[in-house]
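1. next comes the sequence, and after it the predicted model I'd like to discuss.
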Amino acid sequence: FKKVAHKVPMLSLANAFSEEDLKNFEKKILNYLDKDSNFPIEYSAEPKIDGISASLNYKKGKFFKGLSRGDGKEGEDITMNLKTINDIPKTILKKDFPDEIDIRGEVFIQNTDFQKLKEKFANPRNAASGSLRQKNPEDTKKIPLKFIAYTFGFEKGMKLDFQNEFLKKLKEWGFKTNPLNKVITGTKNLMANYFEIEKKRDQLDFDIDGIVYKINDFKIQRRLGNVANAPRWA
C-alpha cells in the first residue's frame with residue numbers, strides 16, 4: 001500500500017492507570033490554564049474500541065481518500081478497502097458538512113460476527129487489521145467490518161465548539177458513534193463512569209481497551225496543544 005502523510009498527525013494518548021493519575025492529569029491542565037481547582041473542566045468520555053484507527057478524507061462531501069494510522073505521521077492508503085464498509089458514508093449532502101475534513105474513527109468487528117471468523121484469526125482486532133490489508137477489496141467486502149467515528153484531523157469550514165456537539169453532528173452526517181459517550185465534570189464522576197462501564201463490559205458487542213477522556217471545549221483543547229506525541233487535553 002502507498003504511504004501518504006496525514007495533514008494533521010494521528011497522535012497517541014497518555015495513559016492513566018489510577019484515580020491518582022487522573023487527578024494529576026486534571027491538575028496539570030489547571031496549572032497550564034492558570035486556573036484554580038474550582039474551575040470546572042468538562043470532559044467528553046468515550047469508551048475506546050479496540051480496533052484499527054482510520055482517517056477518512058472528505059472533499060466537497062465526497063469520500064476521497066482513507067488512510068490507516070501508520071506511525072501517526074503517515075499511513076497507508078487503504079481507500080478501496082474502506083469503501084467496502086457500509087458504515088462509512090461515501091457522499092454527504094448536508095449543508096453544514098465542512099468543505100474538507102478528515103473524519104477519524106475505529107474499524108472493528110463485533111464479537112458476535114467474530115464467532116464466524118475465529119478459525120482464521122486470533123481475535124477481533126487481528127481480523128479487522130488483516131481484512132483492511134487485503135490486496136483485493138472484494139476479499140475485504142466479505143468481512144463484516146464496522147466503523148465508529150469519534151474525532152477529526154484536518155478541517156476546513158467546521159463551525160463547532162464542543163466535542164459532544166461534534167459527536168451529535170457526526171450522527172446527522174450519517175456516521176455511527178459510540179452509544180456510551182457522555183459529558184462529565186469532575187474526576188470522581190470520571191471514575192464512577194469507568195466503574196459503570198467496567199460492569200457492562202462483558203455485555204458489549206465490541207472489545208474496549210479503556211476510556212478516552214477529552215476536554216469537551218475545542219477552544220481549551222487548542223490552548224493546551226500537544227506535547228511531543230500526545231495531546232495535553234486527552
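-> Okay, I see it.
2. that's a strand at I184, yeah?
-> Yes: under DSSP: H, G, I helix; E, B strand; the rest coil, I184 sits within a strand.
3. burial count for the residue nearest to V107 when sequence neighbours are not counted?
-> For V107, the nearest residue in space outside its immediate sequence neighbours is I52; the separation is 4.8 Å by C-beta to C-beta, 6 or more residues apart in numbering. For glycine as for every other residue, the C-beta is placed from the backbone atoms N, C-alpha and C. In terms of burial, I52 registers 23 neighbours under the definition other C-beta atoms under 10 Å.
4. next: D205.
-> Residue neighbour count, defined by other C-beta under 10 Å, stands at 12 for D205.
5. quick one: the helices in this structure?
-> Read by DSSP state H, the chain holds these helices, from start to end of the chain: 19-33, 79-82, 111-114, 124-132, 137-141, 163-172, 187-200, 218-224.
6. so how far is stretch 97-116 off the chain centroid?
-> Relative to the mean C-alpha coordinate of its chain, stretch 97-116 is positioned 9 Å out (C-alpha atoms, centre = their mean, to the nearest Å).
7. that stretch - what's its average pLDDT?
-> Stretch 97-116 shows an average pLDDT of 95 in the prediction.
8. hey, C-alpha coordinates of that stretch in PDB?
-> Backbone C-alpha positions of stretch 97-116 (Å, rounded to 0.1, in the frame of the first residue of the first chain) are rendered in PDB as follows:
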ATOM      1  CA  PHE A  97     -20.700  19.500   6.300                       C
ATOM      2  CA  PRO A  98     -17.200  21.100   6.100                       C
ATOM      3  CA  ASP A  99     -15.600  21.800   2.600                       C
ATOM      4  CA  GLU A 100     -12.800  19.400   3.600                       C
ATOM      5  CA  ILE A 101     -12.400  17.300   6.700                       C
ATOM      6  CA  ASP A 102     -10.600  14.200   7.900                       C
ATOM      7  CA  ILE A 103     -13.100  12.100   9.900                       C
ATOM      8  CA  ARG A 104     -11.300   9.700  12.200                       C
ATOM      9  CA  GLY A 105     -12.500   6.600  13.900                       C
ATOM     10  CA  GLU A 106     -12.100   2.900  14.500                       C
ATOM     11  CA  VAL A 107     -12.700   0.000  12.200                       C
ATOM     12  CA  PHE A 108     -13.700  -3.100  14.200                       C
ATOM     13  CA  ILE A 109     -15.600  -6.400  14.100                       C
ATOM     14  CA  GLN A 110     -18.400  -7.100  16.500                       C
ATOM     15  CA  ASN A 111     -17.800 -10.000  18.800                       C
ATOM     16  CA  THR A 112     -21.000 -11.800  17.500                       C
ATOM     17  CA  ASP A 113     -19.700 -11.500  13.900                       C
ATOM     18  CA  PHE A 114     -16.200 -12.700  15.000                       C
ATOM     19  CA  GLN A 115     -17.600 -16.000  16.100                       C
ATOM     20  CA  LYS A 116     -17.900 -17.000  12.400                       C
END
